[in-house]
Each structure stands twice: as C-alpha cells, then as structure tokens.
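>>> Provided below for reference: sequence and predicted model.
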Amino acid sequence: MSLTITFPSDLAQRLQTEASQRQVSVEELAATILDRAVPRTDAWSDQNQRRLALIRKSIRESLTREEQQELDALQATLDAQFDDFDAALKSQLDLMQSAVE
C-alpha cells in the first residue's frame, strides 16, 4: 500500500538530514521509524508479556540459562524497536537546546 504524508517543513528537513547521514532515502527512514514506533500485532504484546514475566522472575529467583538467553533476545528486540525513535527524539531535543542557547 502506498501512502503520502505531509510533514511540517522543519520536520521534513530533519528527516532529510538524518536520512542523508544514514545514507538511506527519506521514505526508508520514515518507514523504519514508524514501523518501530507503531506496535505490529498482538504477537509483540505476547512477547512483551513474556519479557516482563522473565524480569519479574529474575527479581525473585535466578533464571535458567535458556530463560536468560530468551530475556536477552526479547530485550534486544525491544531496544531495536526504539533506536530510531530515540534518535529522532534526541535530534529534536538537540535542536530545541541549540535554539535556547
């Protein structure tokens, strides 16, 4: 499916700058950011519930090696989902901070 989104000019410029730094198209960067920011399905919800259960268990008792590996993999998935989102927020914060200085 194709979709056209209109961004405010300052956001469009930031997307273009970030895409250029990453050497990807603006469309690819925007799709990556949105893909990671918008929950996919209940599958992630189930995975996240499992992640939280493992975290709670690790507080009460030791995890098995397999459980620790599973928790590490689930946490890595979550971290990857927010990398681009965090980078975009940091860029926005940096712009706001430089405007104040």
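Right, received. Where do you want to start?
>>> where does this structure dip in pLDDT?
Scanning the chain for pLDDT under 70 picks out the ranges 39-42, 84.
>>> for residue 71, list the residues it contacts.
Counting by Cβ atoms under 8 Å, 6 or more residues apart in numbering, residue 71 touches 51, 54, 55, 58, 63. Placement of C-beta: from N, CA and C, glycine included.
>>> which single one of the residues you listed is nearest to residue 90?
Nearest to residue 90 among the contacts of residue 71 is residue 51, at 24.1 Å by Cβ to Cβ.
>>> so the closest one is in which element?
Per DSSP states H and E: residue 51 is located in helix 42-60.
>>> give me phi/psi at residue 74?
Residue 74 adopts backbone torsions of phi -60, psi -40, taken as degrees, to the nearest 10.
>>> what about it, neighbour count?
18 (other Cβ atoms under 10 Å).
>>> just the helices in this protein please.
Along the chain, counting by DSSP state H, helices occupy 9-22, 26-37, 42-60, 65-100.
>>> report the buried members of the contacts of residue 71.
Buried by 16 or more other Cβ atoms under 10 Å: 51, 54, out of the contacts of residue 71.
>>> would CSV of the contacts of residue 71 with distance to residue 12 be doable?
Shown next, in CSV, are those (distance: Cβ to Cβ, whole Å):
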residue, distance to residue 12
51, 35
54, 41
55, 39
58, 43
63, 45
